[in-house]
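Trainee: No letters, just coordinates:
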């Protein structure tokens, strides 16, 4: 059953990976670098569509905001693209 589900999502370009469960020890807020890396994950894309690599205006903007955002480059480009498309429409963006 797992193979069928993974194959289904893979056909759309997604890979399913387990997310580790984090347990809190001793009510502490300090987390070591090894613990942080252990719970990070990467978005794995199987498609080669990457318009943000050639969009100079986006690259300049993303270089400015990257240190201040938790949003990855894929989602930032989607937001950037949507705003560009709505630029000629009167009204506000929420």
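Mentor: Thanks, I have it. Because the structure is predicted, anything quoted here is derived from the model rather than measured.

Trainee: Which strands or helices does the longest helix along the chain pack on?
Mentor: In the chain, assigned by DSSP state H, the helix with the most residues is helix 73-85. Of the remaining helices and strands, those touching helix 73-85 by 3 or more Cβ pairs under 8 Å, 6 or more residues apart in numbering; DSSP states H and E are helix 56-65. For every residue, glycine as well, the C-beta is placed using N, CA and C.

Trainee: Now do the helix it packs on and helix 73-85, the angle between them.
Mentor: Between the axes of helix 56-65 and helix 73-85, defined by axes from the mean of the first three to the mean of the last three Cα atoms, to 10 degrees, the angle is 120 degrees.

Trainee: got the buried residues for helix 56-65?
Mentor: Buried residues in helix 56-65, counted by 16 or more other Cβ atoms under 10 Å: 58, 62.

Trainee: How about stretch 65-73?
Mentor: Using 16+ other Cβ under 10 Å as the burial criterion, the residues of stretch 65-73 that qualify are residue 73.

Trainee: Give me the contact list for it.
Mentor: Applying Cβ atoms under 8 Å, 6 or more residues apart in numbering, the external contacts of stretch 65-73 come out as 43, 52, 62, 76, 79.

Trainee: First-to-last residue distance for it?
Mentor: Across its full length, stretch 65-73 reaches 10 Å end to end, with Cα to Cα, to the nearest Å as the criterion.
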